[in-house]
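*Asks:* Below: sequence and its predicted model.
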Amino acid sequence: MRQQATGRRVVPRLVLAGFGVSGCCMLAHMRAVFRWLTAALFVAVVVQVGLAGYGAFHAIHTADKASISKKTIENGFNAHAAVGTLIVVVMLVLLIVAAAGGLGKRNIQWSGGILALGILQFVLGLASTKVPALGFLHTVNALAIFTMTGLLAHRSWMKGRPAKAAPAASPTA
Ligand code: HEM
């Protein structure tokens, strides 16, 4: 497939044609979408960890008043399960944007790695209710996801920023 070169990067022609815009505008647009997605993902991960805490304390609080069923405990984790699923979808979109937008090998690798951790997290979330020891991995993997999404967001937002001006040289006598 023939491709159109845009500076150092190469954007698939098919992607550009689909939007009917020039290569440089498309690349800038995709970069902005990618950047905002990394920020949204990081915030969602923080919220997700908070929702796990809500689920745990909801169970204790409810059990304080009456004996509770498994269903009642799960109800406290409904939001966690919903946001967790959404997070994995956003991770997939992030990888698609990085690959289709031609945003470079490193962004694709990072997004792919994050998606792999997200899928693992989803599977561990399902399996841990049957094998509680796996819950240890579900929580530790959350730390890995937090770190990687935070680093990627930081990297995306810092990249392309103008470098700080060098301090003015002191006048010599
Ligand atoms: C990046 C952070 C996290 C993500 C993306 C995530 C994702 C998920 C998902 C998708 C599920 C639902 C699986 C299903 O459909 O049943 C789930 C379940 C669960 N997660 Fe997480 N999780 C994260 C962090 C945590 C943390 C930090 C904890 C606890 C300290 C935790 C505790 C649980 C528990 C107890 C369940 C089972 C809930 C139930 O079966 O009702 N999660 N998680």
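*Replies:* Noted; the coordinates are in hand.
*Asks:* show me what contacts the residue nearest to the spatial centre of the chain?
*Replies:* Per C-alpha atoms, centre = their mean, the C-alpha nearest to the average position across the chain is that of residue 41, at 3.8 Å. With contact taken as C-beta atoms under 8 Å, 6 or more residues apart in numbering, residue 41 is in contact with 87, 90, 91, 94, 114, 149, 153. For glycine as for every other residue, the C-beta is placed from the backbone atoms N, C-alpha and C.
*Asks:* try 7 Å
*Replies:* Shown in contact with residue 41 (C-beta atoms under 7 Å, 6 or more residues apart in numbering): 87, 90, 91, 94, 149.
*Asks:* Buried subset of those as a ChimeraX selection?
*Replies:* To isolate the buried members of those in ChimeraX, using 16 or more other C-beta atoms under 10 Å:
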select :87,90,91,94,149
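*Asks:* got the residues of the chain near the ligand?
*Replies:* Residues of the chain lying close to the ligand by C-beta under 6 Å from any ligand atom are 45, 48-49, 52, 74, 77, 80-81, 84-85, 87, 121-122, 125-126, 129, 138-139, 142, 145.
*Asks:* which other helices and strands contact the helix or strand that contains residue 138?
*Replies:* Applying DSSP states H and E as the criterion places residue 138 in helix 134-158. Using 3 or more C-beta pairs under 7 Å, 6 or more residues apart in numbering; DSSP states H and E, the elements in contact with helix 134-158 are helix 23-65, helix 105-127.
*Asks:* Relative to residue 107, which of the contacts of residue 41 is nearest.
*Replies:* Nearest to residue 107 among the contacts of residue 41 is residue 94, at 8.8 Å by C-beta to C-beta.
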